[in-house]
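Colleague: okay, here's the prediction I keep looking at, along with the sequence it came from:
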Amino acid sequence: MVCFSVFPVRSPGSCSTRASMPMSSVAASASTSSGTDSVVYVFALNEGSGKLEYKIGSTGRTPETRLREWRRGHQSKGFRLVYSVKVVGRNTAYVVEHEAHQQILQYATKIHRSCPDCLVVHQEEFVMELDFGLEDVRDAVDTAKRLVETRRVGCT
Ligand SMILES: [Zn+2]
């Protein structure tokens, strides 16, 4: 007796498979990835240092969960959640995050120093230039999301 697998195996992280059960018709059109919610978030860090510094990341879980994890390993930075937007599909969230990193460079400079807590030079932390602030960070994330969803960037 010879058995064939009828259904394609869906590997984690793969974006080749269409969501079989779209969460909603609106959401489903925004992504070809899985229908689960992801989040692009902004954390403030080093508040009180005299400079406005933000971290832009993404997660397939809640931003509060991610915040707890970052706080655990980074006690000196005082991470605080200041903004988040929902994005449909983990892959889309990565693309929006990357685009937000490009957008924020209009208002900010990448932080290149090594992290006092873990010694890594993080790739997603930015210090705002004079006259720019949280509104501009939010704008960068919103703009990134709109651009990505309009262009439908991501896996095809
Ligand atoms: Zn670190």
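Modeller: Great, that's in hand. Residues are numbered from 1 along each chain as shown.

Colleague: pLDDT of the lengthiest helix in the chain, averaged?
Modeller: Longest helix of the chain, by residue count under DSSP state H: helix 134-151. Helix 134-151 carries an average pLDDT of 96.

Colleague: what comes up buried for it?
Modeller: Buried residues in helix 134-151, counted by 16 or more other CB atoms under 10 Å: 136-145, 147-149. Every C-beta, even on glycine, is put in place using the N, C-alpha and C of the backbone.

Colleague: contacts for it?
Modeller: Identification of contacts with helix 134-151 by CB atoms under 8 Å, 6 or more residues apart in numbering yields 30, 40, 42, 44, 52, 54, 56, 82-83, 85, 87, 92, 95-97, 99-100, 102-104, 106-108, 128, 153-154.

Colleague: buried members of the residues you listed into PyMOL, please.
Modeller: Filtering those down to the buried ones (16+ other CB under 10 Å) takes a single PyMOL command:
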select buried, resi 30+40+42+44+52+54+56+82+83+85+87+92+95+96+97+99+100+103+104+107+108+128+153+154
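
Colleague: out of the contacts of helix 134-151, which sit inside strands?
Modeller: Among these, the members found in strands (DSSP state E) are V40, V42, A44, Y54, I56, V82, Y83, V85, V87, A108, M128.

Colleague: tell me how far the fourth one lies from N91.
Modeller: From Y54 over to N91 the distance is 23 Å, taken as CB to CB, to the nearest Å.

Colleague: now I56: closest residue in space, sequence neighbours ignored.
Modeller: Among residues not flanking I56 along the chain, A100 sits closest, at 5.1 Å (CB to CB, 6 or more residues apart in numbering).

Colleague: assign the residue minimising distance to the centre of the chain to helix, strand or coil.
Modeller: Of all residues in the chain, the one closest to the mean position by CA atoms, centre = their mean is S58, 2.4 Å from it. At S58 the chain is in strand, as set by DSSP: H, G, I helix; E, B strand; the rest coil.

Colleague: if we can go back for a sec, what sits against the residue nearest to I56?
Modeller: Per CB under 8 Å, 6+ apart, neighbours of A100: V40, I56, A140, V141, T143, A144, K145.

Colleague: go on, E64?
Modeller: L81.

Colleague: surely Y54 and L45 touch.
Modeller: Yes: look at Y54 against L45 with CB atoms under 8 Å: they come within range, at 7.0 Å.
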